[in-house]
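Sequence first, then the predicted structure, then my questions.
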Amino acid sequence: MNGVTRALIVWDLHGVLVTGASADQAAFARRVGLDVTVWDRVRHRLLGDEGAWDRVETGRLALDDFATDLAARVNGEGGRCTPADARGIWGAPHPFHESVAAVDVLAAVARYPAPVEHAIGTNNVAEWRTVWGALLEVEAFDWVFDSSAVGHRKPEAGFWEHVERATGVPGDRVLLVDDNALNVEAARRHGWSGVLFAEPARALAEVETWVSRHVDAPGTDHATTGRG
């Protein structure tokens, strides 16, 4: 790049690049016929103490195997749940069924060309890649980091380290844009910059400020230049 220093923006997927309501766990409990307090016990044991969902999102447990186990536990507590029902724990039939692309965020991706590079950074499930991939022009991104392929989830240090190794961009030139404060805080502790995506207009303004401080590209008009 003719000596121009690279910079990387890692964009979270759900809640940033695509919109969509968070999973309604109380609604799931009603669908499978469990009292919410019973469901909370099952959920915290399987998703928390045993870390089953962590293994799904890091590619160590198939979604179908997770769903079969979850259905058995719900039924063991007196509920009525098939593996197909259990696959909809984060929203039926999948978490992206009501999602649409966030056009203002995608416009920001297009606004910052090289030497800025762009990555999707998501905690996700291998089986959903084609679903969310259809919502975006994935080829508009230079990199895709899906936890199920990386083998680490945000906010684990292994996720940040993988991004740095794969891209060759040092952490002090990487920005994470994420709607999860824990992820943003962990990225900052690792040496990245971080923008919490709570208010879109404000977050995108912070991205603009970061780009202006980190990109050594004299004469580039970020407001009008598209990706090259």
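Everything's here; your move.

use CA for all of it now, contacts and neighbours both
Will do.

What does the pLDDT read for residue 79?
pLDDT recorded at residue 79 is 97.

Residue 39 versus that one, what's the distance?
Distance, residue 79 to residue 39, by CA to CA, to the nearest Å: 9 Å.

what's the answer for residue 143, then?
From residue 143 to residue 39 the distance is 38 Å (CA to CA).

Comparing these two, which residue is more hemmed in?
residue 39 (22 against 18; other CA atoms under 10 Å).

For that one, list the residues it contacts.
29, 74 (CA atoms under 8 Å, 6 or more residues apart in numbering).

hang on, it is in a helix, isn't it?
Yes. Counting by DSSP: H, G, I helix; E, B strand; the rest coil, residue 39 is part of a helix.

Would you map the helices across this protein?
Listed in chain order, the helices found in the chain under DSSP state H are 25-31, 36-43, 52-57, 63-76, 83-86, 103-111, 129-133, 147-150, 157-167, 181-190, 200-214.

Same list (the ones you listed) but as TSV, adding mean pLDDT and distance to residue 94.
Formatted as TSV, the helices of the chain follow (pLDDT from 0 to 100; distance: least, CA to CA, whole Å):
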stretch	mean pLDDT	distance to residue 94
helix 25-31	92	12
helix 36-43	94	18
helix 52-57	96	14
helix 63-76	97	11
helix 83-86	96	10
helix 103-111	96	22
helix 129-133	95	9
helix 147-150	98	16
helix 157-167	98	24
helix 181-190	98	23
helix 200-214	96	24
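
Nice, that's everything, thank you.
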